[in-house]
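Asks: give me the fold of what follows.
(2 chains)
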Amino acid sequence: MYGRVNGVAVVGVRGHLVAVEAHIGRGLPSLTLTGLPGARVQDARDRIRPAVESSGLEWPLRRVVVNLSPGNLRKEGAGLDLPVAMGVLVASTQVPATRVSGYAFAGELSLRGTLVGTPGVLSVAMAAARAGLRGVVVPADNAAEAELVGGLHVVPAPSLREVVGFFRDAWTPPEPRTTAPDRDTPGHGVDFSEIRGQAQARRALEIAAAGGHNVLLVGSPGAGKTMLARRLPTILPAMSREEALEVTQLHSVAGLLDGGGLLRERPFRSPHHSISLAALLGGGSALLRPGEVSLADQGVLFLDELTEFRRDAVEGLRQPLEDGRVVVSRMAGTVEFPARFTLVAAANPCPCGFLGDPRRRCDCRDDRLQTYRQKLSGPLLDRIDIQLVVPRLSKQELLDEAPGEPSAPIRGRVEAAREIQRRRYADTGYPCNAQLPGPLARRVARVSRPAWDLLAQAVDGMALTGRGFDRALKVARTIADLDGASEVERDHVSEALVYRMNMVDADLARAG
Amino acid sequence: MRADRVRDPWPVWPDGFTAGERERRAALVLSALAGLRPTTLIRAAAEAPTASACVGLVARGALGTDEDRRFVRLLRAERIQATIDRCGARTIVWDDPEYPPQLRQIHDPPFLLYVRGGRLPEASHAVAIVGARRCTDLARELARAMGRGLAAAGVTVVSGAARGVDAASHEGALDAGGPTVAVLGGGIDATYPASSRGLFGRIRERGALVSEYPPGVPARAFRFPARNRIVAGLCRAAVVVEGEKESGSLITGSHALEFGREVFAVPAALNNPLSFAPLKLIRDGATMIRGAEDLLEELGLEPGSGGRRAELTLAELAALRALTGPTLPEHVARELRIGLADALTLLMELEMRGFVRTVGGRFEATLAATMATTG
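Replies: Below is the predicted model of the structure:
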């Protein structure tokens, strides 16, 4: 007796259709899994029989072999519980084989036969759609994400009993809620209007959002670096549906979706500096999970206390910063995750944190300052266009300030500037100023004569390096785009020079 | 002002303490003993009036620490002489005619000086500039300007070669092509702080490095106060720029007052801990000066070429006026009724021309700006 149903193995973020074949033959009662099942799939072996029996169905008391094909793909995840159970039920003719072949199955089973929410269901649904299947059967908890894939019949089942009922025409799934619970209005819970003072930092973040630039915030404890960084996602342009799907898929695979539908707000991730390399970049021993860089995809990755992060972790960020993706290689295989994020790094100006603060004295020893400075000016800084010192405000300075501009109008300006860039770079494939390679930036930036002169002057007067030059140029281009100016003018360059590294560096150098 | 608090003459070295080659070599040995403070030694010298006699006292355990007693047996004058020769230094002892006469008037004068470089200046042509290592940018600028002004007027600038104010005053003097003398807190071959190694070389070429310690003695903070008495002693006047409550600058200034030298101090804000030394010295009788011009005027010297008047637009002038201390850019924008981006642009242009600098995310006017707007 033979049965066959569709399952999906998720490798990285991508789902691969897997044929789950079941054979019931003579022999002592047993269940054997073949076809390179991962540890978690093997683990399912002992819970499938109880789940079937608890659902009022019969487990064939014979030798059962379930094969997962293709055999060269290592299958991971708990989502294969349901297809294995269904394969056995089809093989034992408890479920009619005809309609089953149009569906893909995913979901973890409990011993009572209920379907438990499972990571990666969005990837399952996408794989099913790609394979031209009619629908998917998924745990009710994951219905919202599965419904994001158009043209697919989603059967949200609370337990195995209903799944079997559905194919015996004894149970009708509830109609999908007409509007999937898209978290429609980005509910960040924070807003730019909550920032008091810090006009320069606000401006810098607006420029960063408009050009896709990475940011380094240097400032004393309590200056508000975290508060500023947390609000950057609220002024980034709204995500397109494709971007949102990508983010949702990554969060689905990581099991962070919590039963909701499409993620509309850009993610903000702030890993602690003790984070392991695998947790930051992605990996794990068997199941390759997206790391923080991928969970921050399309959003903001905030590294507070940059100097405290492990050196290899910081260096590992260079690939995602350059390519917008991260490749994770493990024994289990090589997987690529998207990781296009805006990096916001924060650091104290010195080990004690009060260098340059007018109201508190820095009492760091010179050699420690020197070491700290070297640590801060690592290779990562080459990828950070906007670097600024955030002052710790006095009570009076805070009281002087009216509440700031809310996020919405800022986001409007940012989107307008991004639109200009999109049109300018339409045939180059680069989305924004920050992504542009230096030589290309110099060619296409359209810089006026006086602006060039000023940049040249800065090279001499401020010891701007070649990379520093390119960074200043790109930031100036973004400032011009915010201005709606076709040419980069002298004023744009002047302002861009405010956000250069030497400013941070000079502050540190003076102390050293 | 000239302090008139000169007390009873303090003990000095007996004549002949270092006379002759034998005594000079004994002095080399004495200078290498770490536990022997000049004050103790000078009192002992009243009984044992030659360097070799004092070495004998140490060897017998009648003078100095146990460490010294053990160490003095191992010391060989020839070896010390060899290290001196190796680093190109020479020695000046108490009985040498070259011994700076102004040093004979201070308490605990050194019986031996190690020198690398040229002649030591006459007191009438030497002025000390001292201040904090971790100083403000303003202090650094002031020290540099004063160093430049003094050198242009033909005066040798004496300081301690430390980071901050000391280094800036040496550099100012070198900028103006003048000689400058650095008194080191470590051995004469010292290279502390490492960041000033290049500076040491230039000082040696155009002036002199001075120390009372033989080569190989590490620069340690406990030796710095002793060094300060030589800085003050070598000069007719001392200028204190910034210094905290327990700082070398304050010690140097107090020494200078005690030795009857003229003392000048640059005041700064009351709430700045770095103001303690200058303000205390002013209260104790030092003369308040506001910068290089005041200093030269007080010393009766001709200022060299004066500061340049700068071309500033009305907007730039207004921006500079808005900078009262470290100021946030939005404050400047508000004062000038312009947008933040415009204010940042304006401040950046000023920074590139040296009129503005950034401090911890705020902007402040430089000394050059103060001179350009008021001068």
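Asks: ok, A:Ala313 - contacts?
Replies: When contacts are counted by Cβ atoms under 8 Å, 6 or more residues apart in numbering or on different chains, A:Ala313 touches A:Ile275, A:Ser276, A:Leu277, A:Leu280, A:Leu281. (Each C-beta comes from the backbone N, C-alpha and C, glycine too.)
Asks: which strand or helix spans it?
Replies: In this structure, A:Ala313 sits in helix A:311-316 according to DSSP states H and E.
Asks: tell me the helix or strand right after that helix.
Replies: If you walk from helix A:311-316 toward the C-terminus, the next helix or strand you reach (DSSP H and E) is helix A:318-323.
Asks: tell me the buried residues in that next one?
Replies: Of the residues in helix A:318-323, those with enough neighbours to count as buried (16 or more other Cβ atoms under 10 Å in any protein chain shown) are A:Pro320, A:Leu321.
Asks: does anything pack onto that helix? Which helices or strands?
Replies: Applying 3 or more Cβ pairs under 8 Å, 6 or more residues apart in numbering or on different chains; DSSP states H and E, we find helix A:318-323 packed against strand A:325-330.
Asks: output the strand it packs on as CSV, restricted to C-alpha atoms.
Replies: Extracted C-alpha coordinates of strand A:325-330, given in CSV (Å, rounded to 0.1, in the frame of the first residue of the first chain):
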residue,chain,number,x,y,z
ARG,A,325,23.2,39.5,1.7
VAL,A,326,25.0,37.1,3.9
VAL,A,327,26.3,33.6,2.9
VAL,A,328,26.3,31.0,5.7
SER,A,329,28.2,27.8,5.2
ARG,A,330,27.9,24.9,7.6
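Asks: tell me the buried residues in that strand?
Replies: Neighbour counts using 16+ other Cβ under 10 Å place A:Val326, A:Val328 of strand A:325-330 among the buried residues.
Asks: next: stretch A:216-227.
Replies: Across stretch A:216-227, burial judged by 16+ other Cβ under 10 Å covers A:Leu216, A:Leu217, A:Val218, A:Gly219, A:Ser220, A:Ala223, A:Gly224, A:Lys225, A:Met227.
Asks: could those residues go into CSV alongside distance to B:Gly354, pLDDT and secondary structure?
Replies: As requested, the buried residues of stretch A:216-227 are arranged in CSV below (distance: Cβ to Cβ, whole Å; pLDDT from 0 to 100; DSSP: H, G, I helix; E, B strand; the rest coil):
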residue, distance to B:Gly354, pLDDT, secondary structure
A:Leu216, 25, 94, strand
A:Leu217, 27, 94, strand
A:Val218, 23, 91, strand
A:Gly219, 25, 90, strand
A:Ser220, 27, 88, coil
A:Ala223, 27, 89, coil
A:Gly224, 30, 90, coil
A:Lys225, 30, 93, helix
A:Met227, 34, 93, helix
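Asks: distance to A:Leu295 added to these, as JSON lines?
Replies: JSON lines is the format used below for the buried residues of stretch A:216-227 (distance: Cβ to Cβ, whole Å):
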{"residue": "A:Leu216", "distance to A:Leu295": "21"}
{"residue": "A:Leu217", "distance to A:Leu295": "21"}
{"residue": "A:Val218", "distance to A:Leu295": "26"}
{"residue": "A:Gly219", "distance to A:Leu295": "26"}
{"residue": "A:Ser220", "distance to A:Leu295": "29"}
{"residue": "A:Ala223", "distance to A:Leu295": "27"}
{"residue": "A:Gly224", "distance to A:Leu295": "24"}
{"residue": "A:Lys225", "distance to A:Leu295": "21"}
{"residue": "A:Met227", "distance to A:Leu295": "21"}
